[in-house]
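> Model the structure of this input:
(chains A, B, C and D)
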Number of protein chains: 2
Amino acid sequence: MASPPQTARSERTRAALRKAATVRFLAQGVEATSAEEIAADAGVTLRTFYRHFASKHDLLFADYDSGLQWFRKALAERPADENVIASVQAAIFAFPYDVDAVTQIANLRVDALDPSRIVQHMRQVQSDFAHALLDHLRRRHPDAVERGDELDLTVAARSITAAVFAAMEVWLHAPVRSLPELARLSREATALLEPTFRHY
Amino acid sequence: MASPPQTARSERTRAALRKAATVRFLAQGVEATSAEEIAADAGVTLRTFYRHFASKHDLLFADYDSGLQWFRKALAERPADENVIASVQAAIFAFPYDVDAVTQIANLRVDALDPSRIVQHMRQVQSDFAHALLDHLRRRHPDAVERGDELDLTVAARSITAAVFAAMEVWLHAPVRSLPELARLSREATALLEPTFRHY
DNA sequence: CGATGTTTCGTCACTATTGACGAAACGTGA
DNA sequence: TCACGTTTCGTCAATAGTGACGAAACATCG
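Numbers count the residues shown, from 1 in each chain, chains lettered A, B, ... in the order given. As a prediction, the model looks like this:
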């Protein structure tokens, strides 16, 4: 379904769909735009639309994948003797937040969007984040893997991830919702688990 | 949409749908059964089906809600001076696993079911579990709430939950998949976080 | 029992998503 | 440039899930 771009042709189609979607979304809002309209604007069939994007909402989070890749790389580039918590904090801080993109999304009338969709997507992101972190842990601690410490590694990856997303949730409900504030909350949240996973 | 039962009539309809679904699911498998068939068997329209269940798969996890309620109650009934980790462990241990139900589900050809559905549902369950735990923490520690320790409470609830589900994941990949083994893993997983959240 | 307010249903119409299959567009070597 | 294998599309046909609106079924009060 959500097949990754193979040829130049499909890349063109994807670009056309993306552009058409952006225009429509901005003009009439996400929920008020049908997949059919987007496809028509891009000059392809509805079926073709679904060959490039798993769902209408996938277009909204289209660049998410690159964000995850970025995170994986950032983790991989951390010094070998640094513990997980410090690495995660550093990776989060270095994340290249695109303010323009954020502003753009805000204009997309996301508020008029089915909240459950957003929530589902966030859960997916969290899950992917946890997997990335688990991979990182496994690579950094082959000894633990050898020893069969699956449970410890999994708990570490998942609970650290949980802390990061807990910070995000608190931030969403906070009065001051600035990037520095989010960073502060993330740092504080992960710091709580530092003593427990200091050894990783 | 997924409106909770209001009158006796709707309760009858729900029961009919449930029964029809069970029969079909058992006979031909979940994915091979259409919502329309279920509705027809129950003597109602497709639209009515969706008035009682948000989705076809909701029928599969129909009794899940009661499980969550049970968990909330179990937490509430723990002694006031017990810390969260201990309470969670106790609640999990006391859970009335219904072996028959598990067996039944196994027969439902769940394997032939879209895995992403199961995964999504598990994530939903995890989220609800975390909320229940957060509620519990707030009730048990009004002082922390007063103090504005939102972050600490949220991180605690979420990471403890993460540990429980991490145990579940490890269990799923383990060679011996028995209930006692799951209990052991859960206990061990949550124990890792005990020092961090001992104060709750 | 009959009038009335509330719930539950059925009907209609529409968007979202996906499988199957054949036609058109591309890229490549002869 | 032409034939051939591959990828991308279009067409057809289903199922899933929802909003709107009016009719039927129920529960209540007089």
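
> CA only for contacts and neighbour counts going forward, please
Fine.

> what's the first-to-last distance across stretch A:132-151?
End-to-end span of stretch A:132-151 (CA to CA, to the nearest Å): 16 Å.

> Any buried residues in it, and which?
Within stretch A:132-151, the residues scored as buried using 16 or more other CA atoms under 10 Å in any protein chain shown are A:132, A:133, A:134, A:135, A:136, A:137, A:138, A:140, A:144, A:150, A:151.

> and it, how far out from the chain's middle?
Distance of stretch A:132-151 from the chain centroid (CA atoms, centre = their mean, to the nearest Å) equals 23 Å.

> same deal with stretch A:90-99?
The answer for stretch A:90-99 is 12 Å, by CA atoms, centre = their mean.

> got the buried residues for it?
A:91, A:92, A:93.

> Show me which residues of chain A sit near chain B.
Taking CA under 8 Å from any CA of the partner chain as the criterion, the neighbours of chain B within chain A are A:120, A:123, A:150-152, A:154-155, A:158-160, A:162-163, A:166-167, A:170, A:185, A:189, A:192-193, A:195-196.

> anything in whatever helix or strand residue A:120 lives in near DNA strand C?
For residue A:120, the host element (DSSP states H and E) is helix A:115-140. No: using CA under 7 Å from any atom of the strand, helix A:115-140 never reaches DNA strand C; the gap is at least 9.3 Å.

> Need the contact partners of the next helix or strand after that helix.
The element immediately downstream of helix A:115-140 (helix or strand, assigned by DSSP H and E) is helix A:142-147. With contact meaning CA atoms under 8 Å, 6 or more residues apart in numbering or on different chains, helix A:142-147 is reached by A:138, A:150, A:153.

> same thing but at 6 Å, please
Among residues not part of helix A:142-147, none is counted as a contact by CA atoms under 6 Å, 6 or more residues apart in numbering or on different chains.

> what mean pLDDT does it have?
What helix A:142-147 shows for mean pLDDT is 95.

> ok so, going back, out of the buried residues of stretch A:90-99, which sit inside helices?
Within the buried residues of stretch A:90-99, membership in helices is found for A:91, A:92, A:93, as judged by DSSP state H.

> which of the residues you listed has the weakest pLDDT?
Lowest pLDDT of these: residue A:93, 88.

> And for that residue, nearest residue in space, chain neighbours not counted?
Closest residue to residue A:93 apart from its sequence neighbours, by CA to CA, 6 or more residues apart in numbering or on different chains: residue A:183 at 6.6 Å.
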